[in-house]
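Chemist: got a sequence here, can you model it:
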Amino acid sequence: MKAQVVEKNGFPRPLGILLILIILSILCFPVAIFSQYSDQDSEYCDKEEVLEVNRPELFSNDEIMSVTIATDLNTLVCDIGDTTEYHKAILSYILPGEDTVSLNVSIKTRGNFRKDRNNCDFPPLCIKFSKKEVKNTIFEGQDKIKLVTHCRTGESEYEQFLFQEYLIYKLYNLLTPYSFRVRLLDVNYVDIWDPRHSVNSYAFMIERPKHMASRNGGEIRNVINLSSEEVELHNYTLLSLFQYMIINNDWSVTLLHNVKLISIDTAMPSIPVPYDFDWAGIVNAPYRFSADSEKDFMTDRDFKGKCETLDELSFFLNYMKSKSREIYDLYMNSGLLNRKHEAITLQVLNDFYNIINHPESYKDEFLDTGDSK
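Modeler: Numbering: from 1, shown residues only. So this is what the prediction gives:
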């Protein structure tokens, strides 16, 4: 179990001495450094800002990155209203062969469901960087980054849910470059006013939409009332099959719900790219089941794609079969899942491949599904 409150007798991190120095320096001028402020120009984490895309490969390395975030932690995590503010913080990290790097950043809570204290005691976060601060660091070129956090502190199950969602992003990376890259972090959240309330847990960063689009030679397209004809069919079908595999129905292309669109050519349909997978059955988070929905997560699958002929469908099924070894290896070799969650994952994958390996099963599941949803 990783998520924990850091106790009074010391930090369970190799950065203990550094943290003490940082905290002491902060406490000398806390009002000036960590006073809460409102940023009228950047109200939302999703708002795009134009920055030069000339940065180190933050997301090209799968090594777990150790990070320390020192801030007024209690004020930050309690700022969960409809309109939240940015809070001053210092983000520090050490990379192999490099000195400690400390950056002045601003952090705010984000999200909807997981920002509700009834659901999570630790909300998802958005980190905002200064262009000047991040120059010549691993965060160069970043303006804001979403941080997916552990949801509930001190509960090992929620650590597993976070690992599961992280691995889903990695799974989709195996299927297509039109996907968001992620970086797993080991984070020490230091409360500058009372270090006894500090928290040590895992989290992961998600690649910015504009960077993902640029990496693929396109740009993000924002539309209202999208029609299915405006979406590139090949990638939409692959996306639908992927969501079916992980048992995730919490998405919609036409409504742009948990989906971004990449425009490569204005004369061509846009490519859908999914994100936010914590409601997927393969994660098996308890909040996935509402009071009026008691369906077993192992059978709650819904294919939203459009395959009118067996030949069309066979291409995608064969592609998923060709990726099976990589997908199984991803989960079995990650070292992140405990036995219980690895068994859940393997059962979900086995059920999926049992379906696509038997024509009598997949014809009913994937053909003649009607209009896309």
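Chemist: name the surrounding residues that touch stretch 206-217.
Modeler: By C-beta atoms under 8 Å, 6 or more residues apart in numbering, the residues outside stretch 206-217 that reach it are 46, 48, 53, 59, 141-146, 148, 169, 177-182, 219-220, 260, 262-264, 271, 273, 275. (Glycine included, C-beta is placed from N, CA and C.)
Chemist: which ones among those residues map onto strands?
Modeler: Per DSSP state E, strands hold the following members of these: 144, 145, 146, 148, 182, 219, 220, 260, 262, 263, 271, 273.
Chemist: and the longest helix along the chain, how far from the chain's centre?
Modeler: Longest helix in the chain by number of residues, with DSSP state H as the criterion: helix 156-175. Put simply, helix 156-175 sits 8 Å off its chain's centre (C-alpha atoms, centre = their mean, to the nearest Å).
Chemist: now do it against strand 144-148, angle only.
Modeler: Going by axes from the mean of the first three to the mean of the last three C-alpha atoms, to 10 degrees, helix 156-175 is angled at 130 degrees with respect to strand 144-148.
Chemist: mind listing what's buried in helix 156-175?
Modeler: Buried positions in helix 156-175, judged by neighbour count with 16 or more other C-beta atoms under 10 Å: 157-173, 175.
Chemist: what about that helix, average pLDDT?
Modeler: Averaged across helix 156-175, pLDDT comes to 97.
Chemist: return that helix as CSV; C-alpha atoms alone will do.
Modeler: C-alpha atoms of helix 156-175 as CSV (Å, rounded to 0.1, in the frame of the first residue of the first chain):
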residue,chain,number,x,y,z
SER,A,156,-4.6,0.2,-1.0
GLU,A,157,-7.6,-0.7,-3.2
TYR,A,158,-7.7,2.9,-4.5
GLU,A,159,-4.0,2.7,-5.3
GLN,A,160,-4.8,-0.4,-7.4
PHE,A,161,-7.6,1.5,-9.2
LEU,A,162,-5.1,4.2,-10.1
PHE,A,163,-2.6,1.7,-11.5
GLN,A,164,-5.4,0.1,-13.5
GLU,A,165,-6.4,3.4,-15.1
TYR,A,166,-2.7,4.2,-15.8
LEU,A,167,-2.3,0.8,-17.6
ILE,A,168,-5.4,1.4,-19.7
TYR,A,169,-3.7,4.4,-21.2
LYS,A,170,-0.6,2.3,-21.8
LEU,A,171,-2.8,-0.4,-23.4
TYR,A,172,-4.3,2.1,-25.9
ASN,A,173,-0.7,3.3,-26.7
LEU,A,174,-0.1,-0.3,-27.9
LEU,A,175,-3.0,-0.1,-30.3
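Chemist: got the domain ranges for this structure?
Modeler: Domain assignment for the chain by automatic domain parsing gives 4-211, 218-366.
Chemist: which of the ones you listed has the lowest mean pLDDT?
Modeler: Lowest mean pLDDT within those: domain 4-211, a mean of 81.
Chemist: just how off-centre is it within its chain?
Modeler: Offset of domain 4-211 from its chain centre (C-alpha atoms, centre = their mean): 12 Å.
Chemist: and what of stretch 268-282?
Modeler: Distance, centroid of stretch 268-282 to centroid of chain: 11 Å (C-alpha atoms, centre = their mean).
Chemist: how near is the nearest residue to residue 193 once chain neighbours are set aside to residue 154?
Modeler: Nearest residue to residue 193 in three dimensions, chain neighbours excluded: residue 72, at 6.2 Å (C-beta to C-beta, 6 or more residues apart in numbering). Per C-beta to C-beta, to the nearest Å, residue 72 is found 21 Å from residue 154.
Chemist: please say which of these two ends up with more neighbours.
Modeler: Shown here are residue 72 and residue 154; by other C-beta atoms under 10 Å, residue 72 has more neighbours (22 against 16).
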